[in-house]
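Enquirer: Below are the sequence and a predicted model; questions follow.
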Amino acid sequence: MATDEPNNKQTQLIKNRIAKIEEKEKQLKARKRAELNRLNQQKRKQRTKRLIEKGAELEKIQGDQAPQITAEETRNWLNHKLAINQHLILEYQRLRNYTAHVTYEDGTSVLDHYHTYQDKKNNRQN
């Protein structure tokens, strides 16, 4: 039995060290969870602040009627404004392409003359 006793002590020491390591591992996991929670909370607060700021700007644009306008109506209104803007951009591009191809007798385009006019106008203002 004398030979078994040192082995039992060694085994017990190893088991104790493993238990300590497992305890530290639990503590580290708990700290990691706490830090991740803190990070997620910070991200949520930042998002909430951003949403509030954007919503406030949108309400300014909507004016006095903003409290009565629903979220769905706001989305529809924004989509309508975006569609109009996209249509205007396409019309501008078509007009620009057309004026680039309409030329004077000297070979310059209507668009070239427009740019020359704008440059002169800007130089006078400066």
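Expert: All right, it came through fine.

Enquirer: From here on, just use CA atoms for contacts and neighbour counts.
Expert: OK.

Enquirer: I'd like the average pLDDT over the helix or strand containing L51.
Expert: Following DSSP states H and E, one finds L51 within helix 4-62. Mean per-residue pLDDT for helix 4-62: 95.

Enquirer: helix or strand right after that helix?
Expert: helix 71-101.

Enquirer: Using CSV, write down the CA coordinates of stretch 25-34.
Expert: Extracted C-alpha coordinates of stretch 25-34, given in CSV (Å, rounded to 0.1, in the frame of the first residue of the first chain):
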residue,chain,number,x,y,z
GLU,A,25,-12.0,28.6,-17.6
LYS,A,26,-15.5,29.2,-16.2
GLN,A,27,-14.5,32.6,-14.9
LEU,A,28,-12.9,33.6,-18.3
LYS,A,29,-16.1,32.5,-20.1
ALA,A,30,-18.2,34.5,-17.7
ARG,A,31,-16.0,37.6,-18.3
LYS,A,32,-16.1,37.0,-22.0
ARG,A,33,-19.9,36.9,-21.9
ALA,A,34,-20.1,40.0,-19.8
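
Enquirer: Could I get the buried residue list for it?
Expert: Across stretch 25-34, burial judged by 16 or more other CA atoms under 10 Å covers no residue at all.

Enquirer: what do you get for stretch 93-108?
Expert: Neighbour-count burial for stretch 93-108, counted by 16+ other CA under 10 Å, picks out T99.

Enquirer: picking up where we left off before, okay, angle between the helix holding L51 and helix 71-101 too, please.
Expert: Helix 4-62 runs at 70 degrees relative to helix 71-101, counting by axes from the mean of the first three to the mean of the last three CA atoms, to 10 degrees.

Enquirer: what's Y104 sitting at in phi/psi?
Expert: Main-chain dihedrals, Y104, degrees, to the nearest 10: phi -90, psi 180.
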